[in-house]
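A.B. asks: what shape does this take:
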Amino acid sequence: MTSLRHTLRLGARAHQPLGRAPPTACTLPLAQRRYRSLIDIPRRPAEEKPAEEAEQASEDLEDVNMNGHYPDPSLTSALPLKRSLRDPYGNWWDPQERRNYGEPVHEDNDILGIFSTEEYRHFTPAWGAVLWGTLVASILGLSAVCWRFYPDKPSATRTFPGGLEAELGGPRAPRAAMEEDDLAAKVEGGSRSSPEPNTTIV
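C.D. replies: Down below sits the predicted model:
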């Protein structure tokens, strides 16, 4: 099969005139050449943006990396720091505000000024969680120890001679709470049996 293809190629070349070059070898002058660039490729129009985004984009072009001509806090290390955290003994132009002359005013100056609320920096959140956990564990441990070793009754139960039957209204008075030994003596017709001496009254 390979030899057949080779023979056909040689036969086609033999029929070509000797004075002409093959068409594949023909080159055009530079003036007639045309290269297709990306400009000729049709492009789809970009998605239309809302008016607010278009306005913000135009402002970003006019005022790059700024916010209404206010300085960007991420580019200036001194601005996002609260004035109360600055060096109180520094050579400031305004010692009260701890501010130098000509220093740009930040857009959040009301929360960065010296009279703003003081920032809490005593404990970090992680150390605060450790302290809270220690407090809760201490309270639970103390409660468990007290529940385990604290006695139920600090003293003996008080007893009275005769169970204070007369003082409680006599034998036909409504029954009061009594001990298990006295509850064994049932009274028929709502009458009360005479309790034994030294009956415990709760």
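A.B. asks: would you check how far apart residue 86 and residue 147 are?
C.D. replies: Remark: distance between residue 86 and residue 147 (CB to CB, to the nearest Å) = 53 Å. (Each C-beta comes from the backbone N, C-alpha and C, glycine too.)
A.B. asks: could you do residue 173 as well?
C.D. replies: Summarising the geometry, the distance separating residue 173 from residue 147, computed by CB to CB, is 40 Å.
A.B. asks: phi, psi for residue 99 please.
C.D. replies: According to degrees, to the nearest 10, the main-chain angles of residue 99 amount to phi -140, psi 140.
A.B. asks: okay, now it: neighbour count?
C.D. replies: Applying other CB atoms under 10 Å, we find 18 residues neighbouring residue 99.
A.B. asks: how far away is it from residue 89?
C.D. replies: Separation of residue 99 from residue 89 (CB to CB) stands at 15 Å.
A.B. asks: same deal with residue 134?
C.D. replies: 37 Å.
A.B. asks: now residue 148
C.D. replies: Taking CB to CB, one finds residue 148 at 57 Å from residue 89.
A.B. asks: how about residue 141?
C.D. replies: Between residue 141 and residue 89 the computed distance is 47 Å (CB to CB).
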